[in-house]
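Engineer: Here is my input, please return the structure:
(one chain, ligands or ions: 1)
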Amino acid sequence: MNTSRYKKTYPISWEQLHRDSKALAWRLLELGPFERIVAITRGGLVPAAIVARELEIRLVDTVCVASYDWQAQGESVVLKRVNGKGDGWLIIDDLVDTGKTAELVRNMLPKAHFATVYAKPAGRPIVDTFITEVSQDTWILFPWDSEHQFVQPIVHQR
Ligand SMILES: O=P(O)(O)OC[C@H]1O[C@H](OP(=O)(O)OP(=O)(O)O)[C@H](O)[C@@H]1O
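Structural biologist: Numbers count the residues shown, from 1 in each chain. I've put the predicted structure just below:
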């Protein structure tokens, strides 16, 4: 595991994720209509469900991408594709970081609108719409990857 590129952690609660995904839906409302959502697994699944609910989109597909080098963001492999050019489709992911995943999926569906909830500077140019930017050296800790636990008072954390 290579954690060296992260200096900060940005923990996100379920409530915040819900709120940010709804903010994304509000923005996408202006840019649609979209006939179908393509969620990038696995991180895109929860935001895609929220956006699908808010925009009343009932056609939801998945593109399944696995990166085998957790936190180091090494090679990504497409495990499942969808066919089509993506005209009028909406691709949803939780995060664009280096932009590698987005590039893969954009090549697959060049006409689709690409939206993420969070974006880091390196990946930002490749997405059409996002809500919150975080710095490149921040590790976004999603609610499905974490649980509540005791922490030391901050005076003891230095
Ligand atoms: O811009 P990139 O550097 O490609 O990183 C962004 C991708 O990384 C995360 O997925 P992850 O590889 O953690 O897989 P998971 O969603 O299945 O956990 C996230 O959900 C994006 O798909």
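Engineer: What is the burial count for whatever residue of the chain ends up closest to the ligand?
Structural biologist: Of all residues in the chain, Gly43 sits closest to the ligand, at 2.5 Å by C-beta to the nearest ligand atom. For the C-beta atoms, the positions are set from N, CA and C on the backbone; glycine is no exception. Counted with other C-beta atoms under 10 Å, the neighbours of Gly43 add up to 22.
Engineer: Next up, phi/psi of it, please.
Structural biologist: When quoted as degrees, to the nearest 10, the phi and psi of Gly43 stand at phi -60, psi -30.
Engineer: Which residue is the nearest non-sequential neighbour of it?
Structural biologist: Asp94 (3.7 Å; C-beta to C-beta, 6 or more residues apart in numbering).
Engineer: tell me the helices in this structure, going along the chain?
Structural biologist: Taking DSSP state H as the criterion, the chain contains helices spanning 14-31, 45-55, 100-108.
Engineer: Closest to the centroid, which residue in this structure?
Structural biologist: Of all residues in the chain, the one closest to the mean position by C-alpha atoms, centre = their mean is Asp94, 1.6 Å from it.
Engineer: Contact partners for that residue?
Structural biologist: Gly43, Gly44, Val46, Pro47, Thr116, Val117, Tyr118, Phe142 (C-beta atoms under 8 Å, 6 or more residues apart in numbering).
Engineer: Give me the buried subset of these.
Structural biologist: Among the contacts of Asp94, those classed as buried by 16 or more other C-beta atoms under 10 Å are Gly43, Gly44, Val46, Pro47, Thr116, Val117, Tyr118, Phe142.
Engineer: now those residues as CSV including distance to Val105 and pLDDT?
Structural biologist: Shown next, in CSV, are the buried ones among the contacts of Asp94 (distance: C-beta to C-beta, whole Å; pLDDT from 0 to 100):
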residue, distance to Val105, pLDDT
Gly43, 12, 97
Gly44, 9, 98
Val46, 17, 98
Pro47, 14, 98
Thr116, 11, 98
Val117, 16, 98
Tyr118, 16, 98
Phe142, 19, 97
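Engineer: May I see these arranged in a markdown table, with distance to Val65 as well?
Structural biologist: Shown next, in a markdown table, are these (distance: C-beta to C-beta, whole Å):
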| residue | distance to Val65 |
| --- | --- |
| Gly43 | 9 |
| Gly44 | 9 |
| Val46 | 16 |
| Pro47 | 15 |
| Thr116 | 13 |
| Val117 | 17 |
| Tyr118 | 17 |
| Phe142 | 16 |
